[in-house]
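Student: Coordinates for the following, if possible.
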Amino acid sequence: MKALNAAEMREVDRLTTERYGIPSLQLMEAAGKHIADAVLREPSNAQRQRVTILCGKGNNGGDGLVAARLMKEARLNPRVCLFAKREELQGDAAENLERWLKLTNEIVEVTDASAWERAWPEVAKSHVIVDALLGTGIRGAATGLVARAIERLNQLSGNATRAWPTLILAVDTPSGLPSDGQAADGPVLRAHSTVTFTAPKVGQLVTKDAVCTGQIRVCSIGSPKALVEEIGQGALRWSGPDEFQEMPLVRAPDSHKGSFGHVLLLAGSLGKSGAAILAGQAALRGGSGLVTVATPNVVQPVVAAGQPEYMTEPLSSTPAGTLALANLSEDQFSKHLEGKTVLALGPGLGTFPDTQQFIRHLVQHTSLPILLDADGLNAFASCPDALHRRKSQFLCMTPHPGEMARLLGISSGSVQQDRVKTAVDAARRWNSYVLLKGFHTVIASPEGKVFVNTTGNAGLAKGGSGDVLTGLLAAMTAQFGTKDWLRVLALGAYLHGSAAEMLSRGADLSGLVAGEIASALPLARANLIRELQSLV
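Tutor: This is a model prediction of the structure:
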C-alpha cells in the first residue's frame with residue numbers, strides 16, 4: 001500500500017465522499033469504531049479499566065468522541081477531556097460531541113493551564129489514554145496547552161517505556177507528528193500503538209520521530225484501496241498484508257521438496273557456530289525445500305547437531321577456525337554450488353583476512369542470487385565498489401546501520417538521518433537490493449522502489465535475530481524466485497517481525513531469543529494467510 005502525505009490523505013477523504021458517496025460522518029464513525037475496538041481488545045478486565053480520551057477540536061477529536069460513545073455503549077466508562085470550548089467544534093466533530101452529550105453530559109473542558117492541572121490527577125491514574133488531540137493535518141509544531149499536555153504525558157510514561165499507563169493509543173497519528181516526512185518542530189506524543197486510517201502516512205514510517213507511533217495498525221474506514229493508489233504520488237510503500245495477496249503462500253497438494261528450492265548457506269566459525277545453526281533453522285522454518293550449511297570443518301559437527309533436517313558441508317579452516325581461502329582452489333567447492341537456488345553468506349564467518357578474501361571472490365564469481373549479511377558485508381568495507389564486479393544479476397545486502405556506515409564511509413548517525421535516501425542511494429550505487437535493518441526496516445531496489453516494514457518489536461534487539469533474517473530471506477528467494485524480488489524480500493522482513501509480535505503476546509520482550517523467532521515463522525505465515533483471507 002502506498003504511504004500518503006497530508007494533502008493526499010485529504011484528497012482521498014474528499015473523493016471518497018464526492019465520488020463514492022460515503023458521507024464524512026460515516027468515515028468518522030468507522031474511525032471511532034476502530035479506536036474503541038482497539039481499547040476493548042485490551043486485557044480481559046477491560047470493563048474495569050479507567051480510560052481517558054483527550055480530544056482536540058478538529059476531526060481527530062471527533063474520532064475520539066465517536067470512540068468514547070461506542071466504549072460507553074459497550075459498558076466501559078471513558079472520561080473525555082476536550083481541549084476546547086464546546087462551541088468551538090464544527091461539522092462532524094460537533095455532531096459527535098452532541099451525540100456524546102446526549103448519552104452522558106460528562107465532559108471535562110480543558111481550556112487553560114489551571115483546568116489542565118485539575119484534570120491531570122485523573123488522567124495520570126488512567127490505565128488507557130487515547131490521544132485524539134491533533135491529527136495528520138498538523139502544520140508546524142504543537143504549541144500552547146496541547147504541547148504542555150504532550151510533554152506531561154511523555155514524562156508520565158517515560159516516553160512509553162514505563163509500566164504505566166498500560167496503553168497510550170494514538171488516533172490516526174501521535175499528536176505533534178508531521179505527516180509529510182519532515183522533522184517535528186515541537187513535542188510529539190510517544191504512543192505504545194497507533195491506529196491510522198486508510199493508509200499509513202509518510203511521517204509515520206521514515207522520520208526520526210516515527211518511533212512515536214509505537215506499533216502501527218492501518219485500518220480501512222471505507223475509502224477504496226484503488227483511490228489510495230491513484231492519489232498517492234510517492235514511491236514509498238508500506239509492507240502491509242495486502243502487498244502479498246497475489247503470492248502463492250498456500251502449498252499445492254502435489255508439492256515436493258524440489259518445488260521450493262535449495263538454499264546454500266555459508267556461515268559460522270569457531271565460537272560462532274550458533275549463527276550458522278540459526279540461519280539454517282530459519283531457512284527450513286521459512287519454507288525452503290532443501291538447506292545446506294557450508295561451514296568450517298572445525299565446527300561442522302556442532303552445526304550438524306543443531307538441526308537434523310538440514311545438510312552440512314565441512315570446508316577447510318584457517319588457524320582461526322574460519323573459512324580458508326584454500327577452499328577456492330579445491331575442485332570440490334564448485335560442486336557445492338551445483339543445484340542450488342540461492343547463496344546466503346555472512347553470519348558468523350568472522351573477519352580473518354583469508355576468509356574475507358574468500359567471501360569477495362565468491363560474491364564476484366557466482367551467478368546465483370546472493371544474500372550478503374554480517375561478515376559478508378564487512379569483507380567489502382575497505383573496497384565497497386568491488387560489489388560492482390560480479391556475475392550475479394541479483395544481490396541483496398542486509399546491513400544494520402553500523403555495517404551500512406562502514407560500507408559508505410560515513411557515521412551511523414548519518415545513515416539514520418534519512419534511512420530511505422541512504423538505502424536507495426546504496427541500491428543504485430551497487431546495482432543491488434538493500435534491506436536496511438532497524439526500526440521500520442527499509443527495502444530498496446536498484447530502480448528506486450521502496451518498501452517500509454513496520455512489523456517487529458524490541459524483542460528482536462538480541463544477538464542472532466539478523467542470522468534468522470538471513471536464513472528466512474534465503475528461504476523466501478528459494479520459494480518465490482527473483483522475478484519480483486523486492487516484494488519477496490519485503491515478505492521475509494514482514495514474517496520476521498510478525499513472528500516476534502506473536503511471541504510477545506503474554507511475554508516480556510526482554511527474554512525473547514532468536515531461536516524462538518525461527519520456530520515461530522510457520523505460525524507467522526499461517527497468520528498472514530488468515531489475514532489475507534479476511535481481506536476478501
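Student: all contacts plus neighbour counts: C-alpha atoms, from now on.
Tutor: Fine.
Student: tell me the contacts of the nearest residue to residue 227 once chain neighbours are set aside?
Tutor: Leaving aside its sequence neighbours, residue 227 sits nearest to residue 12 (Cα to Cα, 6 or more residues apart in numbering; 6.5 Å). Neighbour list for residue 12: 223, 227-228, 231 [criterion: Cα atoms under 8 Å, 6 or more residues apart in numbering].
Student: Let's check: the centremost residue of the chain is which one?
Tutor: Central residue of the chain (Cα atoms, centre = their mean): residue 454, 1.7 Å from the mean position.
Student: Now do the same for that residue: its pLDDT.
Tutor: pLDDT, residue 454: 98.
Student: what's the burial count for the residue lying closest to it once chain neighbours are set aside?
Tutor: Spatial nearest neighbour of residue 454, excluding adjacent residues (Cα to Cα, 6+ apart): residue 440 at 4.9 Å. For residue 440, the neighbour count with other Cα atoms under 10 Å is 24.
Student: Please name the residues that touch residue 440.
Tutor: Residue 440 touches 205-206, 452-455, counting by Cα under 8 Å, 6+ apart.
Student: Which of those residues has the largest number of neighbours?
Tutor: residue 205 (28 neighbours).
Student: tell me the contacts of the residue lying closest to residue 167 once chain neighbours are set aside?
Tutor: Excluding its sequence neighbours, the residue lying closest to residue 167 (Cα to Cα, 6+ apart) is residue 128, at 4.8 Å. For residue 128, the contact set (Cα under 8 Å, 6+ apart) comprises 39, 49-52, 165-169.
Student: Point out the least confident member of the residues you listed, please.
Tutor: Comparing pLDDT over those, residue 49 scores lowest. The value there is 81.
Student: next one: phi and psi at the closest residue to it other than its chain neighbours?
Tutor: Among residues not flanking residue 49 along the chain, residue 127 sits closest, at 5.9 Å (Cα to Cα, 6+ apart). Phi and psi for residue 127, reported as degrees, to the nearest 10, are phi -70, psi -40.
Student: pLDDT of stretch 364-376, averaged?
Tutor: Stretch 364-376 comes out at a mean pLDDT of 97.
Student: end-to-end on that stretch?
Tutor: With Cα to Cα, to the nearest Å as the measure, the first residue of stretch 364-376 is 12 Å from its last.
Student: Could you count how many residues lie near residue 382?
Tutor: Around residue 382 there are 12 residues (other Cα under 10 Å).
Student: residue contacts, the residue lying closest to it once chain neighbours are set aside?
Tutor: Excluding its sequence neighbours, the residue lying closest to residue 382 (Cα to Cα, 6+ apart) is residue 407, at 7.4 Å. By Cα under 8 Å, 6+ apart, the contact list for residue 407 reads 377-378, 380-382, 384.
Student: Look up which residues are beta-bridged to the residue nearest to residue 167.
Tutor: residue 51, residue 167 (DSSP bridges).
Student: per-residue pLDDT, it?
Tutor: At residue 128, pLDDT is 96.
Student: so how far is residue 268 from it?
Tutor: Distance from residue 128 to residue 268, by Cα to Cα: 46 Å.
Student: Would you agree residue 184 is in contact with residue 138?
Tutor: No. The pair residue 184 and residue 138 does not pass the contact test of Cα atoms under 8 Å, sitting 10.3 Å apart.
Student: Looking at the contacts of residue 12, which are in helices?
Tutor: Among those, the members found in helices (DSSP state H) are 227-228, 231.
Student: where do the strands sit along the stretch 151-300 of the chain?
Tutor: Under the criterion DSSP state E, counting those that start in this stretch, the stretch 151-300 of the chain contains strands at 167-171, 193-197, 215-219, 236-238, 262-266, 290-296.
Student: pLDDT-wise, which helix or strand of this structure ranks last?
Tutor: Sorting the helices and strands of the chain by mean pLDDT, DSSP states H and E puts helix 331-337 at the bottom, at a mean of 83.
Student: buried ones in that helix?
Tutor: Residues of helix 331-337 classed as buried by neighbour count (16 or more other Cα atoms under 10 Å): residue 337.
Student: helix/strand/coil for residue 343?
Tutor: strand (DSSP: H, G, I helix; E, B strand; the rest coil).
Student: pLDDT weak spots in the stretch 301-450 of the chain?
Tutor: Filtered on pLDDT under 70, the stretch 301-450 of the chain yields the residue ranges 330-331.
Student: just the strands in it please.
Tutor: 311-315, 342-345, 370-372, 395-397, 433-436, 441-444, 450-453.
Student: Tell me the pLDDT of residue 75.
Tutor: Taking residue 75 on its own, its pLDDT is 89.
Student: doesn't it fall inside a helix?
Tutor: No. Assessed with three-state DSSP, residue 75 is coil; it does not lie in a helix.
Student: For the helix ranked longest in the chain, list every residue counted as buried.
Tutor: Using DSSP H to assign secondary structure, the helix with the most residues in the chain is helix 514-535. Using 16+ other Cα under 10 Å as the burial criterion, the residues of helix 514-535 that qualify are 514-525, 527-529, 532.
Student: Could I get the average pLDDT for that helix?
Tutor: 97.
Student: Residue 511 against residue 459, yeah?
Tutor: Yes. With contacts defined as Cα under 8 Å, residue 511 counts as touching residue 459 at a distance of 7.4 Å.
Student: got a list of what the residue lying closest to residue 197 once chain neighbours are set aside touches?
Tutor: In space, and not counting its chain neighbours, residue 197 is closest to residue 219: 4.9 Å by Cα to Cα, 6+ apart. Contact partners of residue 219, counting by Cα under 8 Å, 6+ apart, are 34, 195-199.
Student: pLDDT score for residue 219?
Tutor: 97.
Student: That one and residue 430: what is the separation?
Tutor: Counting by Cα to Cα, the gap from residue 219 to residue 430 is 37 Å.
Student: Pop out the phi and psi values for residue 75.
Tutor: The phi/psi pair for residue 75 (degrees, to the nearest 10) is phi 70, psi 20.
Student: burial count for it?
Tutor: 12.
Student: So which bits of stretch 62-77 are buried?
Tutor: 62-72, 76-77.
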